[in-house]
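Asker: everything below, folded, please.
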Amino acid sequence: MVLFFYLTGLFQSELFEQSISEVMPAPREEVWNYLVDVETRSKSKQEVTQVLILEKNDLGLPLVWREETDLGGYRQYRLLEWENGKRFVQTLESSSFRIHGSWTYTIEATGNYSKLIITESSRIESPLVRGATFFVGRANSLQKEMELARNHFAERSQSLR
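Answerer: Coordinates of the predicted model:
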């Protein structure tokens with residue numbers, strides 16, 4: 001099986017870029033607060049066992065954080081840039097899975113709701129990991145990220161009823 005993933009990965013591109021968007025039933029400020037709460041957001045990922053905030057900026061936003069995973073691996077992120085309430089860019093600066101990339105979160109106000117746009121631009125060095133992600137779908141992590149946001153705001157809107 002490992003050989004199969006490896007050989008499949010040799011024929012897959014290292015690079016991936018895609019954007020997805022969805023309207024969230026919350027004002028822009030609430031979507032922003034969800035995004036910058038990287039500890040809570042990371043802990044909602046099924047595979048994450050621990051989140052360590054390694055550094056914060058002057059505004060108290062996490063600047064560097066590390067997710068420990070149930071596979072014994074890790075992902076370390078860095079906040080690259082932000083436009084308060086509108087845009088948030090994080091980069092995966094190191095990973096035991098040999099994946100690197102950036103995720104840009106953009107929030108557009110649409111009345112009482114907000115349109116959340118997530119763009120992933122990533123690179124997978126390992127042919128073995130590329131082969132495995134080919135079968136689960138290269139956009140899987142991007143779609144999961146949107147699903148987590150959707151679920152967060154669906155729960156929020158249910159509790160307001």
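
Asker: any regions of this structure where pLDDT drops low?
Answerer: For the chain, the stretches with pLDDT under 70 are 156-161.

Asker: centroid residue for the chain?
Answerer: Glu145 (5.1 Å; CA atoms, centre = their mean).

Asker: check contacts around that residue.
Answerer: If you count contacts by CB atoms under 8 Å, 6 or more residues apart in numbering, Glu145 has them with Trp103, Ile118, Glu120. For glycine as for every other residue, the C-beta is placed from the backbone atoms N, C-alpha and C.

Asker: quick one: Val36 from Gly9, how far?
Answerer: In this view, Val36 and Gly9 are 34 Å apart by CB to CB, to the nearest Å.

Asker: one step back: now render the contacts of Glu145 as JSON lines, adding neighbour count and secondary structure.
Answerer: Below are those laid out as JSON lines (neighbours: other CB atoms under 10 Å; DSSP: H, G, I helix; E, B strand; the rest coil):
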{"residue": "Trp103", "neighbour count": "19", "secondary structure": "strand"}
{"residue": "Ile118", "neighbour count": "20", "secondary structure": "strand"}
{"residue": "Glu120", "neighbour count": "20", "secondary structure": "strand"}
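
Asker: between the residues you listed, which is closest to Gln18?
Answerer: Glu120 (5.9 Å; CB to CB).

Asker: quick one: which of the contacts of Glu145 is nearest to Arg66?
Answerer: For the contacts of Glu145, the closest approach to Arg66 (CB to CB) belongs to Trp103, at 15.7 Å.

Asker: so the closest one bridges to which residues?
Answerer: Following DSSP bridges, Trp103 is listed with bridge partners Gln90, Glu120.

Asker: kindly report the same for Arg75.
Answerer: Beta bridges link Arg75 to Glu67, Ser95, judged by DSSP bridges.

Asker: kindly report the same for the one 4 residues further on.
Answerer: The partner list for Leu79 in beta bridges (DSSP bridges) reads Gln90.

Asker: that one is in contact with Leu63, isn't it?
Answerer: Yes. Taking contacts as CB atoms under 8 Å, Leu79 lies within contact range of Leu63: 5.1 Å.
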